[in-house]
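> no FASTA, just this:
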């Protein structure tokens, strides 16, 4: 594990990611609380924050991934963080004129730019991190996200309540600028030997689709992305009903369930870092899917607080296994020249299926019991495991072929 952190690219990506998470969580919670104050908690205005966060994934992910494959990764990331900082500064300037609704603009622009920055970061991993260290590096990266799922809301709320919207926007801009500065200190991007002549944008997008369809590992990962999104989206809005209906507790008790899950994600990410080299990524993915299936099944039937908390802890512990397993396999089985497009195809599968199920879960709740919905979500994770089984057979086939070649 120490070898991973000796890699300057891993350190730079993690440190820049730390600063970005500070900026993102301070900005998001400041905007949420600010909109609630200025609209009296208007549901439409608050929902528009989520629209500003998720819409760019559908609209720009594939296009941005195609451009990320064309552009050099370090330069792309630096420009994205700089432009994100400038968008926050522009929003801050609007407060002088009293145009508070422009705060949606900061979230929208930053979300669009992240569609360019994220695949570029994965490309840096692919180009500069040894294959045997990728899984450990991704474990550290996912653990960082898990830590901020617990600390981020606390940090964002504290900043807004203590110093207000203007200071929150300044902190966000400074965090983005510092993240850009750290990435800027990396050596210049090298031109890949396989880099090809510029082709038409539509041709490159079409070649990305063909690449995914021709790669069985990526095809099966796409199905796993989609099934996991369906399962998580189905129960995402219903956690409050576990508290009020199944446990018969006040709605405020939901925070304890979320806190336990967040702690589980931090511990799970840390544990996964410890044995990342010893466990194949498809085994991590299968363990994560199975563990969450068991956890969701327990959550649905439990009427005891302690049992529900245990299930939440299990889900949190094993959720990083899904994220790390998928990202590691994506990096290992995708050529660096196609990473942006592959990410731009697979990410909307997960997010799209999750948002679709989030939008219908409330309707389903009217016709189905909470137990039934959670058991369906658990079944979806089991279906996801079925898509992992061919990957084991493919791996076994490669080992057999290699041993035959050695024997001959």
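Received, thanks. The structure displayed is predicted, hence computed values, not measured ones. Numbers count the residues shown, from 1 in each chain.
> which other helices and strands contact the helix or strand that contains residue 207?
Under the criterion of DSSP states H and E, residue 207 resides in helix 201-214. Using 3 or more Cβ pairs under 8 Å, 6 or more residues apart in numbering; DSSP states H and E, the elements in contact with helix 201-214 are helix 43-70, helix 216-235, helix 339-367. Every residue, glycine included, has its C-beta placed from N, CA and C.
> For these, please prepare CSV with the additional fields mean pLDDT.
Formatted as CSV, the helices and strands packed on helix 201-214 follow (pLDDT from 0 to 100):
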stretch, mean pLDDT
helix 43-70, 72
helix 216-235, 87
helix 339-367, 80
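> can you pull out the strands in this protein?
Counting by DSSP state E, one finds no strands in the chain.
> Lowest mean pLDDT among the helices and strands, pick that one out for it.
helix 2-6 (a mean of 70; mean pLDDT, DSSP states H and E).
> ranges for the helices of this structure?
Applying DSSP state H to the chain gives helices spanning 2-6, 8-39, 43-70, 73-94, 103-128, 131-184, 201-214, 216-235, 239-241, 254-274, 281-301, 305-332, 339-367, 370-407.
> who wins for proximity to residue 247 among those?
Closest to residue 247 of the helices of the chain, according to Cβ to Cβ: helix 305-332, at 5.7 Å.
> Mind listing what's buried along that closest one?
Neighbour-count burial for helix 305-332 flags 305, 308-331 (criterion: 16 or more other Cβ atoms under 10 Å).
> and it, average pLDDT?
Mean per-residue pLDDT for helix 305-332: 87.
> In terms of secondary structure, what does it contact?
Applying 3+ Cβ pairs under 8 Å, 6+ apart, we find helix 305-332 packed against helix 103-128, helix 131-184, helix 216-235, helix 254-274, helix 281-301, helix 339-367.
> and those as CSV, adding mean neighbour count?
Putting those into CSV (neighbours: other Cβ atoms under 10 Å) gives the following:
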stretch, mean neighbour count
helix 103-128, 22
helix 131-184, 20
helix 216-235, 22
helix 254-274, 19
helix 281-301, 22
helix 339-367, 19
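> wait, which of those helices is closest to residue 34?
Smallest distance to residue 34 across the helices and strands packed on helix 305-332 (Cβ to Cβ): 5.0 Å, for helix 131-184.
> by how many degrees do the closest one and helix 73-94 diverge?
Interaxial angle, helix 131-184 versus helix 73-94 (axes from the mean of the first three to the mean of the last three Cα atoms, to 10 degrees): 40 degrees.
> Right, I'll leave it there.
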